[in-house]
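Student: Build me a structure from this.
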Amino acid sequence: MSRQSLAVQVKVAAGLEQLTGDAEQLESAIRAVVKNAVDFNHGGGSVTLIVRPVRRGSAAFVEVRVEDTAGGIPLADQP
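Tutor: Down below sits the predicted model:
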């Protein structure tokens with residue numbers, strides 16, 4: 001495993017510092033997506049975790065998004 005330099009940012013909207021839910025499942029899901037973003041990134045790249053409120057009609061949700069500079073899954077590997 002090679003070491004690489006990545007910029008990492010965490011952006012959490014005010015009021016969302018604490019979420020209610022299944023802690024183990026939330027942690028497992030976020031850890032898997034962030035690990036993937038780090039593992040498939042490149043030196044000098046970046047990973048940003050964003051947590052923000054969203055509305056869909058009258059329903060309120062919390063969106064947890066990971067953005068990165070990795071190239072994504074090659075088309076040949078997507079099937």
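
Student: Quick one: the helices in this structure, in order.
Tutor: 23-39 (DSSP state H).

Student: Kindly state the beta-bridge partners for the one residue sitting closest to the centre of it.
Tutor: The chain has residue 66 as the residue nearest its centroid, 2.4 Å off, counting by CA atoms, centre = their mean. Note on residue 66: beta-bridge partners residue 49, judged by DSSP bridges.

Student: show me what contacts it?
Tutor: 30, 33-34, 37, 47-50 (CB atoms under 8 Å, 6 or more residues apart in numbering). Every C-beta, even on glycine, is put in place using the N, C-alpha and C of the backbone.

Student: how does it look with 6 Å?
Tutor: 33-34, 37, 49 (CB atoms under 6 Å, 6 or more residues apart in numbering).

Student: residue ranges of the strands in the protein, please?
Tutor: Assigned by DSSP state E, the chain shows strands spanning 7-12, 46-56, 59-68.

Student: now those in TSV, with mean pLDDT?
Tutor: Listed next are the strands of the chain as TSV, based on pLDDT from 0 to 100:
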stretch	mean pLDDT
strand 7-12	95
strand 46-56	95
strand 59-68	93
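
Student: Tell me which of the ones you listed approaches residue 25 most closely.
Tutor: Nearest to residue 25 among the strands of the chain is strand 59-68; the distance by CB to CB comes to 11.9 Å.
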